[in-house]
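> Sharing a model that was predicted from the sequence below.
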Amino acid sequence: MTETNGQPLIHARNLVKRFDDFIAVDGIDFDLQRGEAFGFLGPNGAGKTSTMRMIGCVSPVTDGARIFEPSRENIVIYGRYFGLPRKQLTARADELLEFVELTERADDKVEPLSGGMKRRLTIARSLVNDPEILLLDEPTTGLDPQARHVVWDRLYRLKRQGVTLLLTTHYMDEAEQLCDRLVVMDRGKIVAEGSPRELIERYSTREVVELRFDDGSRPDDLSYWTDGLVDRIEALPDRVLLYAEDGDAASHTLHERGLVPESVLVRRSTLEDVFLHLTGRTLIE
Amino acid sequence: MTSTLLLLRPLEFFLTQYKRVWRGSAITTVITPIVYLLALGVGLGVFVDRSADLPDGVSYLAFVAPGLMAATAMQIATFESSWPVLSAIKWDRQYHAMLATPLRVRDVVLGHQAYFAFRLLLTAAIYIVVITAFGAVESPLAVLAIPVTVLVGLSFSSPMAAWAAHAQNEVSFVAIFRFVILPMFLFSGTFFPISSLPTPLEVVAWLTPLWHGVTLCRDLTLGTVSWGDLGHLAYLLAFVVGGLLAARFTYRKRLVV
């Protein structure tokens, strides 16, 4: 790591993590620029957390706030691990609690706080030493939609303040919301890298037509119907995805050709489609 | 701050945590020796003194008091380094929080042991006051039994913490208390000289750190110290050092993945 501007904050080459004969991370390379939000996207077991832990030792947001002290004290004690003076920490803790909107809970015990509040407290705690970079391992997994949006908002503000964010996620909406740049990981390797938009442009079409069929009415060979209409067909157990630049036109033509599915949905491509294309699997398994 | 002093940071956390429960623990610490001494030293002692002859005309109360002090240190230290250590790894995960900061495994191990030492120091100091009040102390050297009691405790807490950091769950702790700590409590010279044991058991008792601790404490409170006590001291120190090394190994294996 270096202080010089223009140099990457993290410069990783050929990172490998082995657990006995299982290779969790299989020689990955990436550079993290100062001030950017960089994401590792991948399903469970892709090697995201292992990568994070290797980079770790900087300031990972540790989970597990099953702690019996009040919120403020939790932050103060954490700050003491960094050797910061107690007096300064009390003021800092109040500032941080305000930032994550927990001021009213400052003197409440941590344990009864909701999952979303605990996650916010953990984020507040991780900011106690004014880190340049924040490592977030699945920052919103397990939170309800409202709580997720609060966390995203705080992380976005941090990014605007110049904090570099490095996060793992298996939610593509999270990656799209937060990441300037991301890598898609699968089985310990990086399979693609770019901004969310770039990845979608590179690996998917602009739109996707999702077809669902009644039991037994799904044609065995769809290519007969879609000939010349779509770039790619992805047959999933519950639906068929047709990748096309103009989804409405494609579904219209299919209809004219006499294909009548139970339902047709035209939507824009997402990172999920990128992932499906790259790995042949859906993200949430 | 030099690197050795980093252990003060985790220590500060454990002390902060202790501050919330100290009242209950202090009452136990004072009451326990009083109850033990009343029942065993005074109550049982009357019968023992009538029928048996302890060396140098020592009363049973004066004989058993330093033994109880060392044995109590063993129990507190073993308990504190079992569930709380596993919890700091698995349930409350405080160790993980510490290791996410500039603190290293060594600081975490030593910081927690320093907290045990603090608890043991309090206990030993209270014990000495109580047994002095009971008239069971025969020598001013008894003051030295305080640091020795801390050492006895650490000779249990360091290997126990090493084990707890290795254990996947708490099942083994109960077995350790039942099959290791309890027999040691009863048969390591706390209540009667191990020379009364059959020879094979005497050898086993001789190997336990508790026997060395009990003997040392007793020599100090009765004022019967000899050069041989340095051997007991060395034996206890070896357990502490070995335990700390083992703990650093198992902590690292568990926490640094």
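Yes, it's here.

> where in chain A is pLDDT low?
A:1-6, A:56-68, A:282-285 (pLDDT under 70).

> now the strands for it?
Under the criterion DSSP state E, chain A carries strands at the ranges A:10-19, A:22-32, A:37-41, A:133-137, A:164-169, A:181-186, A:189-194, A:207-212, A:232-235, A:240-244, A:263-268.

> Starting from the shortest one, tell me which strands it pairs with and how they run.
Strands adjacent to strand A:232-235 in the sheet, as given by DSSP bridges, are strand A:240-244 (antiparallel).

> tilt between the strand it pairs with and strand A:263-268?
Here the directions of strand A:240-244 and strand A:263-268 differ by 40 degrees (axes from the mean of the first three to the mean of the last three C-alpha atoms, to 10 degrees).

> So B:Leu11 is in contact with B:Ala114, correct?
Yes. In this structure, B:Leu11 is within contact of B:Ala114 by C-beta atoms under 8 Å, at 4.6 Å. Every residue, glycine included, has its C-beta placed from N, CA and C.

> thinking again about what came up before, mind giving me TSV with the strands of chain A and columns for mean neighbour count?
Shown next, in TSV, are these (neighbours: other C-beta atoms under 10 Å in any protein chain shown):
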stretch	mean neighbour count
strand A:10-19	13
strand A:22-32	17
strand A:37-41	26
strand A:133-137	22
strand A:164-169	24
strand A:181-186	24
strand A:189-194	18
strand A:207-212	21
strand A:232-235	14
strand A:240-244	22
strand A:263-268	14
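
> quick one: which of these is nearest B:Val48?
B:Val48 lies closest, by C-beta to C-beta, to one member of these: strand A:10-19, at 59.0 Å.

> could I get the closest one in CSV with only the CA atoms?
Output of strand A:10-19 as CSV, limited to C-alpha atoms (Å, rounded to 0.1, in the frame of the first residue of the first chain):
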residue,chain,number,x,y,z
ILE,A,10,-4.3,-2.0,-3.0
HIS,A,11,-2.3,-3.8,-5.6
ALA,A,12,-3.0,-7.5,-5.5
ARG,A,13,-1.3,-10.0,-7.7
ASN,A,14,-1.8,-13.7,-7.8
LEU,A,15,-3.6,-14.0,-4.4
VAL,A,16,-4.1,-17.7,-3.5
LYS,A,17,-5.9,-19.1,-0.4
ARG,A,18,-5.8,-22.9,0.2
PHE,A,19,-7.6,-24.8,2.9
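
> what packs against that strand?
With contacts taken as 3 or more C-beta pairs under 8 Å, 6 or more residues apart in numbering or on different chains; DSSP states H and E, strand A:10-19 sits against strand A:22-32, helix A:48-55.

> so can I have TSV of the ones you listed showing distance to B:Ala136?
Shown next, in TSV, are these (distance: least, C-beta to C-beta, whole Å):
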stretch	distance to B:Ala136
strand A:22-32	60
helix A:48-55	54
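
> Out of the ones you listed, the one nearest A:Ser251 is which?
Set against A:Ser251 and scored by C-beta to C-beta, the helices and strands packed on strand A:10-19 come closest in helix A:48-55, at 35.6 Å.

> Now do stretch A:90-98: distance to the chain's middle.
Chain-centre distance of stretch A:90-98: 28 Å, with C-alpha atoms, centre = their mean, to the nearest Å.

> how about it, does it reach chain B?
No. Against chain B, stretch A:90-98 shows no contacts by C-beta under 8 Å from any C-beta of the partner chain, the least distance being 13.4 Å.

> contacting residues around that stretch?
In this structure, residues lying in contact with stretch A:90-98 by C-beta atoms under 8 Å, 6 or more residues apart in numbering or on different chains are A:71-73, A:75-76, A:79, A:84, A:103, A:105-106, A:121, A:124-125, A:127-128.

> ok, 7 Å please
A:71-72, A:75-76, A:79, A:103, A:106, A:124, A:127-128 (C-beta atoms under 7 Å, 6 or more residues apart in numbering or on different chains).

> so A:Pro70 sits right up against A:Glu111, yeah?
No. Between A:Pro70 and A:Glu111 there is no contact under C-beta atoms under 7 Å: 10.3 Å.

> okay, those two: which has more neighbours?
A direct count of neighbours by other C-beta atoms under 10 Å in any protein chain shown for A:Pro70 and A:Glu111 places A:Pro70 higher, at 16 against 11.

> Any idea what that one is bridged to?
Bridge pairing for A:Pro70 - DSSP bridges - gives A:Lys109.

> Pull the contacting residues for it.
A:106-109.

> between these, which has the most around it?
So for these (other C-beta under 10 Å), the most neighbours sit at A:Ala106, 17 neighbours.

> Spatially, what comes nearest to B:Thr101 if we skip its sequence neighbours?
A:Tyr81 (3.9 Å; C-beta to C-beta, 6 or more residues apart in numbering or on different chains).

> what sits against the one you found?
B:9, B:98, B:101, B:103.

> Just the closest of these to B:Ala26, please.
Of all these, B:Ala26 sits closest to B:Arg9, with 24.6 Å by C-beta to C-beta.
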